[in-house]
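Asks: Need a 3D model of the sequence below.
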Amino acid sequence: MKRILSCIFSAVVFFGLLYSVSFVSSAGNQTEDIEKTRLGSTDTYYSFDADTKTLTISGEGATPNFINSNNSQPWYLWRSSGSIQHVVVEEGITSLGNYFFYYVSAEDFKLPSSLNSLGTYSMSGVNSLKTFSLPNHLSVIGDYALYYSVNLESVAIPSSVTKIGISAFENCFALNSVSFENLNASMTIGRRAFFACSGLKSITIPKRAELSSYSLGFYDASRGSVYRDFVMNVYRDSPAYTYAVKNIVDYNIINEMEIKEGQSIECAYYDDSVSMDMVFVFIPDVSGNYIFYSSGKVDVDCVLTDGGNNELASHADNSLDDLNFTVEYCLDAGKTYYYTVKSIMSTGDFHVTLYPRDIKSIDFDIDITISCNDNTDGVFDVMPLIEGREITVIYKTGYIDKINFTDNMKYFNKTVRYTDNQENVKWLCGVHTGTISIGECSKSFAITINHFYTSVKIPPSLENDGYTEYTCSYCGDSYKADFVKRTGVLVSGRVVLMESPDGSHPHNFPIVNAVVSVDGVDMDETDINGEFEFYVSSHSSQVYISSEFAVDRTFEFAYDDNLEMELGDISFFHYDYNQDGYVNAKDFALLRSIYGKYSKEYYDDYITVDYNQDGIIDYEDFKYAENFFTYGKIAESIYD
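Replies: Residues are numbered from 1 along each chain as shown. Model (predicted):
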């Protein structure tokens, strides 16, 4: 009953398609150019050149999905009229949507390497094609993708393809050749994917391909669904073999497979195939040393031969203690080599792997940061931080492999290791070096150990800023931050001799022992240079400066944003010996009258200016004091 319903469904589809062909063939030609036009809301576009009859698809990403309608597919009315002879899909397009080129009759289709999927019915009914080249990075051939492409004669499936959808090539009546680039590829072949391809008499199915119900076959009106004059070439240890046996399909067991650099092929020997040799064919692109490895549960003999059947190397392993084998040889580019494996009456699973022998370098992107608190007795465990990180292995032949790091892992005949110098040097905070090596090749990377700081707050004082001091609990490194301004104001200045009633002091003779006070409290005395400096609370209001035999000066307290008050040079007149508010002849006379009456020590107590500029303030300065006496009353404005 199911077969009858299937026949009815197929007939309905067939006549429906015939009607569609009849309908579109009556549409008009496209004779004018179409400028670049956006497709839906995507970043993809189409344009048409009427002179060359070329339809071009450009942009980035996936094209939109269409339906089989003039309101959906832009070229619907002229897709099969002969207007389109060439189709170019430019790089950047990643997917062709549903019904995208449905029934577009073009002589050739150029697809980009960026394309990774063909949508449902995306190229169905493309009847002008006899051969079709699929791009190397294509992953998915969607359901009905090339359904009813009745003139398609051959197709090559790239090794990148992982899925061939339902009825993808169904009813491709002229299809007589289907080849798979990689016979070790893992893929699914959907239901009826190659069904009703009456011209397809033989097909070689990849070893790991999973087939669905009636992935292959065709209808025969008298016998129903059968496999007539059809042969499957299968590997004994493959799902395709099981499919052939289950569906009573004629099959040939094949024992030869191409193996590529860096490839690992899973194999198995069974009771009925234990006497069959397995042959792996290799054509190197680059001359160099290569190694064939095997691991598993089978005792085997293995022989490497060239195209002339000359034995180059061999390995016999019939020990139950070690079932692995290795054959190494220097191979020439472009020549064909055969690696033959024969079971020694042993069944089970095993792998055959081919790799270059000589590693040129290794590379990785590892950046490790550790807190100094993560040490155990001063030792840092780096291993958990790099375990599983990707390592790129570059061979001298140019082959590149990627592995995940595991310390002391066996990478074929080489050991993967991590090393550092912690056994000899205690790591403190800072940057250190770790090294990963594979065999003789190695690369170093930086390991940064960060400080772990504890903090202590120092409050501000009158003279000093407050701050927080941070100290590393592991290495003792410290720094200060989070500063808070001191509470005191820095008051500074210099007291000098006034040399004229106008207040000028061109020589800046310093006055020592002048007293500087704030709010009645003495804060400092001027030094040998006449300078003073002290800190005072910001709540203070006035600064007083006084000197014996001089008129005191007062300054209102005003400081800047930095809590500093720089008074600069402050001039005082000397000497008003008789304290009458004048520095005049009376003072000079008084000075002269007492000159010589008293001891040198007496005068040393009064002289505060180094009049003779000998670096000493003493009795001798009296001889020069008269040269600096002013005459008349000092103007009050000078002290304002």
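Asks: Who are the contact partners of Ala193?
Replies: Contact partners of Ala193, counting by C-beta atoms under 8 Å, 6 or more residues apart in numbering, are Ile164, Gly165, Ile166, Ser167, Ala168, Phe169, Glu170, Ser212, Ser215, Leu216. In short, each C-beta sits where N, CA and C put it, glycine included.
Asks: ok, Lys130 - contacts?
Replies: Residues near Lys130 by C-beta under 8 Å, 6+ apart: Asn151, Leu152, Glu153, Ser154, Ala174.
Asks: how about stretch 402-414 as PDB, C-alpha atoms only?
Replies: This file holds the C-alpha atoms of stretch 402-414, laid out as PDB (Å, rounded to 0.1, in the frame of the first residue of the first chain):
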ATOM      1  CA  LYS A 402      45.600  21.600  16.200                       C
ATOM      2  CA  ILE A 403      45.600  19.700  19.500                       C
ATOM      3  CA  ASN A 404      44.400  20.400  23.000                       C
ATOM      4  CA  PHE A 405      47.200  20.600  25.500                       C
ATOM      5  CA  THR A 406      47.500  17.900  28.200                       C
ATOM      6  CA  ASP A 407      50.800  17.600  30.100                       C
ATOM      7  CA  ASN A 408      52.900  14.500  29.300                       C
ATOM      8  CA  MET A 409      50.400  13.600  26.500                       C
ATOM      9  CA  LYS A 410      51.700  11.300  23.800                       C
ATOM     10  CA  TYR A 411      51.300  13.000  20.500                       C
ATOM     11  CA  PHE A 412      52.100  10.100  18.200                       C
ATOM     12  CA  ASN A 413      55.800   9.500  18.800                       C
ATOM     13  CA  LYS A 414      56.400  12.800  20.700                       C
END
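Asks: residue ranges of the helices in the stretch 251-400 of the chain, please?
Replies: When secondary structure is read from DSSP state H, counting those that start in this stretch, the stretch 251-400 of the chain shows helices at 383-386.
Asks: where in the stretch 1-150 of the chain is pLDDT low?
Replies: Per-residue confidence of the stretch 1-150 of the chain (counting by pLDDT under 70) places the weak regions at 1-27.
Asks: likewise the stretch 151-300 of the chain?
Replies: Judged by pLDDT under 70, the stretch 151-300 of the chain has its weakly predicted residues at 219-226.
Asks: Of the contacts of Ala193, just the buried ones, PyMOL syntax please.
Replies: Selecting just the buried residues from these in PyMOL takes one command, with 16 or more other C-beta atoms under 10 Å as the test:
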select buried, resi 164+165+166+167+168+169+170+215+216
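Asks: now, which of the contacts of Ala193 lie within strands?
Replies: Per DSSP state E, strands hold the following members of the contacts of Ala193: Ile164, Leu216.
Asks: what's the closest of the contacts of Ala193 to Asp522?
Replies: Closest approach between those and Asp522, by C-beta to C-beta: Gly165, at 100.2 Å.
Asks: Provide the backbone phi and psi angles at the closest one.
Replies: With angles defined as degrees, to the nearest 10, Gly165 shows backbone torsions of phi -70, psi 180.
Asks: Nearest spatial neighbour of it, chain-adjacent residues omitted?
Replies: Once flanking residues are discounted, Gly165 sits nearest to Asp143: 3.8 Å by C-beta to C-beta, 6 or more residues apart in numbering.
Asks: cool, Ile67 as well?
Replies: Nearest residue to Ile67, sequence neighbours excluded (C-beta to C-beta, 6+ apart): Tyr99, at 5.9 Å.
Asks: so that neighbour touches Ser72, yeah?
Replies: Yes: counting by C-beta atoms under 8 Å, Ser72 is a contact partner of Tyr99 at 7.3 Å.
Asks: shared neighbours of those two, anything?
Replies: Common neighbours of Tyr99 and Ser72 (criterion: C-beta under 8 Å, 6+ apart): Phe66.
Asks: I'm done for today, thanks for sticking with me.
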